[in-house]
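*Asks:* The amino acid sequence is not available; the structure is as follows:
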């Protein structure tokens, strides 16, 4: 099991569909690096969370089986991290490795995933953002009604059919739209350069669940921001949730990908 981080705007996505020629996903880079270790078995990577194009990760995870040639001993965890990062060259994104049992699966054994969406307020033009936050947050011109957004968050937490908050994709018929959001919070955040830059309000929306639907977090964020902007009432948000229809979600409301970070994938300690 390896944990890795990346800036999503540098890649096609975690896994790029075969028809998108010329683009490489994070998974492609990782599999290339594993192949350079000259394994004795065909290696395929199983990623826990397939973030879409432009979404970042501070901690994603994946597992793979690696057998060395000539009955050599397995790599130690530290050596594996160093070797993979060496072969990733300019993309040294592996943070740690853990040996896991044969029946372990990075995706299905995950207990929860946490996403954080970063928003900067009072930004009339992109150039006003510190360079450390450029393309790493959603910048909005005006203030938001935080009381209304907290009310929206309390409406969304818990177990619901989130059909209205998933985007249409090929997996749709096979995914249960009922999910449990364990955490939906809105808290003050910071610019990554806050110690060296003039003060500006940053907010972080945090979502934790065992699993999420396609683009669910970006759609939830967009709807909560619309509530904060007064474009959607909490009552209308409730109706949207109860509609259980992805086509009921207003076009263009979803938050942009570049403000979203996968921050944690949690497993049982054992």
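*Replies:* Received the coordinates, thanks. Predicted, not measured: the structure shown is a model, and the values here were computed from it.

*Asks:* ok, now which ones touch residue 49?
*Replies:* 14, 57, 60, 61, 107, 110, 113, 262, 265 (Cβ atoms under 8 Å, 6 or more residues apart in numbering). Any C-beta I mention is one placed from the backbone N, CA and C, and that applies to glycine too.

*Asks:* The same query, at a cut-off of 6 Å, please.
*Replies:* Neighbouring residues of residue 49 by Cβ atoms under 6 Å, 6 or more residues apart in numbering: 60, 113, 262.

*Asks:* now those residues as a markdown table including secondary structure, neighbour count and distance to residue 141?
*Replies:* Formatted as a markdown table, the contacts of residue 49 follow (DSSP: H, G, I helix; E, B strand; the rest coil; neighbours: other Cβ atoms under 10 Å; distance: Cβ to Cβ, whole Å):
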| residue | secondary structure | neighbour count | distance to residue 141 |
| --- | --- | --- | --- |
| 60 | strand | 28 | 32 |
| 113 | strand | 22 | 31 |
| 262 | strand | 25 | 27 |
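
*Asks:* my guess is residue 189 meets residue 204, correct?
*Replies:* Yes - counting by Cβ atoms under 6 Å, residue 189 does reach residue 204; the two are 3.8 Å apart.

*Asks:* Need the residues touching each of the two.
*Replies:* residue 118.

*Asks:* Most distant residue from the centre of this protein?
*Replies:* Ranked by distance from the centre of the chain (Cα atoms, centre = their mean), the top residue is residue 70, with 38.9 Å.

*Asks:* Got the phi and psi for it?
*Replies:* In terms of degrees, to the nearest 10, the main-chain angles of residue 70 are phi 60, psi 30.

*Asks:* Could you check how far it is from residue 256?
*Replies:* 50 Å (Cβ to Cβ, to the nearest Å).

*Asks:* now residue 8
*Replies:* 11 Å.

*Asks:* same thing with residue 142?
*Replies:* Distance, residue 142 to residue 256, by Cβ to Cβ: 17 Å.

*Asks:* do the same with residue 65
*Replies:* 37 Å.

*Asks:* Who has more neighbours out of these two?
*Replies:* residue 256 (16 against 12; other Cβ atoms under 10 Å).

*Asks:* Where do the helices of the stretch 51-200 of the chain begin and end?
*Replies:* Counting by DSSP state H, counting those that start in this stretch, the stretch 51-200 of the chain has helices at residues 77-88, 146-156.

*Asks:* Which one, of those, ends up nearest to residue 249?
*Replies:* Nearest to residue 249 among the helices of the stretch 51-200 of the chain is helix 146-156; the distance by Cβ to Cβ comes to 13.5 Å.

*Asks:* Mean confidence (pLDDT) on the closest one, please.
*Replies:* Regarding helix 146-156, the rounded mean pLDDT is 98.

*Asks:* try stretch 123-139
*Replies:* Mean predicted confidence for stretch 123-139 is 89.

*Asks:* That stretch: end-to-end distance?
*Replies:* 6 Å (Cα to Cα, to the nearest Å).

*Asks:* Mind splitting this structure into its structural domains?
*Replies:* Taking the TED database as the domain assignment, the ranges for the chain are 2-97, 114-267.

*Asks:* Right, I'll leave it there.
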